[in-house]
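Asks: Show me the folded form of this:
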Amino acid sequence: MNEHTIDHIIRDRARITPDRIAIEEAGRTWTYAQLDVRSDELASGLVHGERVSTLTGNSGEHVALLFACAKTGAILHPISWRLAPAEIAFQLDDAEPSVFLVEDGYRDLAAAALALARVQPARELCVDSTQSRGAPRSDDPLLLIYTSGTTGKPKGALLTHANCFWTNLSFDLATGVRPDDVILQVLPQFHCGGWNVQSILAWWKGARVVLERSFDAARALELIALRGITTMMGVPANYLFMAQEPNFAEADLSSLRLAVVGGAAMPETLLDTWSERGVDIVQGYGLTEAAPNVLCLPPEDARRKAGWAGKPYPYVECDLSPEGELLVRGPNVFAGYWRNDAATAAASREGWLLTGDVAERDEDGCYRIRGRLKDMVVSGGENIYPAEIEAVLHEHPAVADVAVVGAPDERWGEVCVAFVVVSSGVSDDELRAHCAQQLARFKVPKEFRIVDSLPRNSMGKIVKSELVVAA
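Replies: Numbers count the residues shown, from 1 in each chain. Below is the predicted model:
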């Protein structure tokens, strides 16, 4: 057996610990044996290489379908239920699935999308236990995950079995999941993080996953106490919303040994809030094209390296281009974009994945993300990275959330505009003075706009394209 394929995970675990609980969700639990049997049933209706599109919330049935695809060499294409019909139609036409499986609650959305789509895939899986299927190989695609599309049309990133195998192994070596862990999974399964950050690794190790259909801050706090949650993963927004719950200070977090953060750096004030509750924080950085794990900052460095994303995971290499762009290579790096050779070629250089993120590296080999190449403001000939300004504003005690974007300016070409969510009264002058104490004058935002909330995508990341229009 020399293939690094994901089907081994559920087969081996069902043999070793068949009666152990793999998934706990509303209304039922799944043992490893049950998950293996159900994935076999679904696999009998699949063939190698076909795309299986889904429109569903997080569910054990969706997990069984992933393992069914893994067993046959089929490709799971999970679609976000937060998209508009036209956006779903675009993905369907691009992926050309043979099957489109839709959960009952999203049938109207699916119908609206299919009315706009060119393709008309089957709506049911034809299970046939007599059908023979070939064994998957390491380089077979397993997941087709479309990028968020915050700029331009989404591109489908192909993640192979090997990508998923190595990214989960490296995550285990750096951060780890224990066989007795109880993991709260709130990230959506239409994102790479919903699979390759804790979940697949948990089933590899024989742990239990408490699977939530979506994130609710109050319920997450409740589940930590009721289910004895030991570890979880979220983006900073998840932890911010939980910390803002009225009962956060009294919530029972005694079982929670580790909280994993990705998507953006954890603001230092928020890090303090969780640390004061006795929760260790593992911060990191990743992107879908790297399946997604790239950098990891362990708890012992959380204070000393606040604001940094950490060092490369095992089996992952990083470097900086002459322009300061973070480069990544390793067995976790994706196979390319689905039917888009030009985009695939543009995303790599001499074997390195171009992340599009500008970073810096210190003498310890630790990386910090300064901003995106496309999220750079050029003001009076000076390059300004909004992430730097956002980090300073996060330090103000009245600032709960912030995003900085560029706006056209007749004199300087561009200037920075800060959209700020505040927890208490604060004036523009006070925020400006706070920035001026820590930033060069040309970096201080020209305008501060107090808003009730910031627009976010399904992973909790701020959608700056909407703010650019507003600016």
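Asks: Spell out which residues make up each domain of this structure.
Replies: According to automatic domain parsing, the chain comprises the domains 7-370, 375-470.
Asks: Kindly report which one of those domains carries the lowest mean pLDDT.
Replies: Per-stretch mean pLDDT for those is lowest at domain 375-470 (a mean of 90).
Asks: now the helices: where do they sit in the stretch 201-350 of the chain?
Replies: Taking DSSP state H, counting those that start in this stretch as the test, the helices found in the stretch 201-350 of the chain are 217-227, 236-243, 268-276, 341-346.
Asks: related to what we said a few turns ago, adding mean neighbour count, write the domains of the chain out as CSV.
Replies: The C-beta positions use only the backbone N, C-alpha and C, and glycine is treated the same way. Shown next, in CSV, are the domains of the chain (neighbours: other Cβ atoms under 10 Å):
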stretch, mean neighbour count
domain 7-370, 19
domain 375-470, 17
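Asks: Any figure for the gap between Ile88 and Val119?
Replies: 11 Å (Cβ to Cβ, to the nearest Å).
Asks: related to what we said a few turns ago, list just the one of the helices of the stretch 201-350 of the chain that sits closest to Glu289.
Replies: Proximity to Glu289 (Cβ to Cβ) singles out helix 341-346 among the helices of the stretch 201-350 of the chain, at 9.7 Å.
Asks: give the contact list for Trp166.
Replies: Under the criterion of Cβ atoms under 8 Å, 6 or more residues apart in numbering, the neighbours of Trp166 are 4, 291, 315, 330-332.
Asks: try Asp401
Replies: Taking Cβ under 8 Å, 6+ apart, one finds 237, 240, 420-421, 453-454 in contact with Asp401.
Asks: Nearest residue to the middle of this structure?
Replies: Computing the C-alpha centroid of the chain and ranking residues by Cα atoms, centre = their mean puts Gly193 first, at 3.8 Å.
Asks: Return the backbone torsion pair for Arg178.
Replies: The phi/psi pair for Arg178 (degrees, to the nearest 10) reads phi -100, psi 150.
Asks: Got the phi and psi for Trp308?
Replies: phi -100, psi 150.
Asks: and stretch 333-350, how far apart are its ends?
Replies: End-to-end distance for stretch 333-350, by Cα to Cα, to the nearest Å: 13 Å.
Asks: can you start the count at 311 instead of 1 from here on
Replies: Shifting the count to begin at 311 puts that one at stretch 643-660.
Asks: That stretch: how far from the chain's middle?
Replies: 20 Å (Cα atoms, centre = their mean, to the nearest Å).
Asks: Pull the residues that contact that stretch.
Replies: Stretch 643-660 is contacted by residues 404-405, 449, 451, 454, 465-470, 473, 598-601, 631, 637, 663-664 when judged by Cβ under 8 Å, 6+ apart.
Asks: Can you tell me the SS state at the residue lying farthest from the centre of the chain?
Replies: Distance from the C-alpha centroid of the chain, by Cα atoms, centre = their mean, peaks at Arg721 (38.7 Å). Three-state call for Arg721 (DSSP: H, G, I helix; E, B strand; the rest coil): coil.
Asks: Relative to Val778, how far out is it?
Replies: Arg721 is 19 Å from Val778, where distance means Cβ to Cβ.
Asks: Pull the contacting residues for Val725.
Replies: Counting by Cβ under 8 Å, 6+ apart, Val725 has contacts 687, 689, 716-717, 719, 755-757.
Asks: repeat that with 6 Å
Replies: 689, 717, 719, 756 (Cβ atoms under 6 Å, 6 or more residues apart in numbering).
Asks: For it, give the beta-bridge partners.
Replies: Going by DSSP bridges, Val725 is paired in beta bridges with Ala717.
Asks: just the one 4 residues further on next, same as before
Replies: Phe729 forms beta bridges with Ala713, Arg759, as assigned by DSSP bridges.
Asks: my read: it touches Glu776, true?
Replies: No. The criterion here is Cβ atoms under 6 Å, and Phe729 misses it with Glu776 at 9.8 Å.
Asks: From the contacts of stretch 643-660, which land in helices?
Replies: Residues of these located in helices (DSSP state H): 404-405, 473.
Asks: Work out the gap between stretch 688-702 and the centre of the chain.
Replies: The mean C-alpha position of stretch 688-702 is separated from the chain mean by 25 Å, Cα atoms, centre = their mean.
Asks: any idea how far Ser737 is from Glu334?
Replies: Going from Ser737 to Glu334 by Cβ to Cβ gives 48 Å.
Asks: Same check on Pro755?
Replies: Counting by Cβ to Cβ - Pro755 and Glu334 are separated by 46 Å.
Asks: do the same with Arg614
Replies: If you go by Cβ to Cβ, the gap between Arg614 and Glu334 works out to 37 Å.
Asks: swap in Ala374?
Replies: 15 Å.
Asks: same question, Glu586
Replies: Counting by Cβ to Cβ - Glu586 and Glu334 are separated by 29 Å.
Asks: Phe729 now?
Replies: 39 Å.
Asks: quick one: secondary structure of the closest residue to Leu426 other than its chain neighbours?
Replies: Sequence neighbours aside, Ala399 is the residue nearest to Leu426 in space, at 3.9 Å (criterion: Cβ to Cβ, 6 or more residues apart in numbering). Following three-state DSSP, we place Ala399 in the helix state.
Asks: so what's Ala399 up against?
Replies: Per Cβ under 6 Å, 6+ apart, neighbours of Ala399: 423, 426-427.
Asks: and which of these is nearest to Arg361?
Replies: Nearest to Arg361, judged by Cβ to Cβ, of the contacts of Ala399 is Ala427 at 13.5 Å.
Asks: Name all residues that make contact with the closest one.
Replies: So Ala427 contacts 399, 402-403 (Cβ under 6 Å, 6+ apart).
Asks: Try it again at 8 Å.
Replies: 398-399, 402-403.
Asks: likewise Ile760?
Replies: Ile760 makes contacts with 730-732, as judged by Cβ under 8 Å, 6+ apart.
Asks: And the helices in the stretch 311-460 of the chain, which stretches?
Replies: Here the stretch 311-460 of the chain has its helices, by DSSP H, counting those that start in this stretch, at 317-326, 342-353, 370-382, 395-405, 417-426.
Asks: Could you dump those helices into a markdown table with distance to Ser564 added?
Replies: Listed next are the helices of the stretch 311-460 of the chain as a markdown table, based on distance: least, Cβ to Cβ, whole Å:
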| stretch | distance to Ser564 |
| --- | --- |
| helix 317-326 | 28 |
| helix 342-353 | 28 |
| helix 370-382 | 27 |
| helix 395-405 | 42 |
| helix 417-426 | 40 |
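Asks: The ones you listed: which one's closest to Gly516?
Replies: Of all the helices of the stretch 311-460 of the chain, it is helix 317-326 that lies closest to Gly516, at 5.6 Å by Cβ to Cβ.
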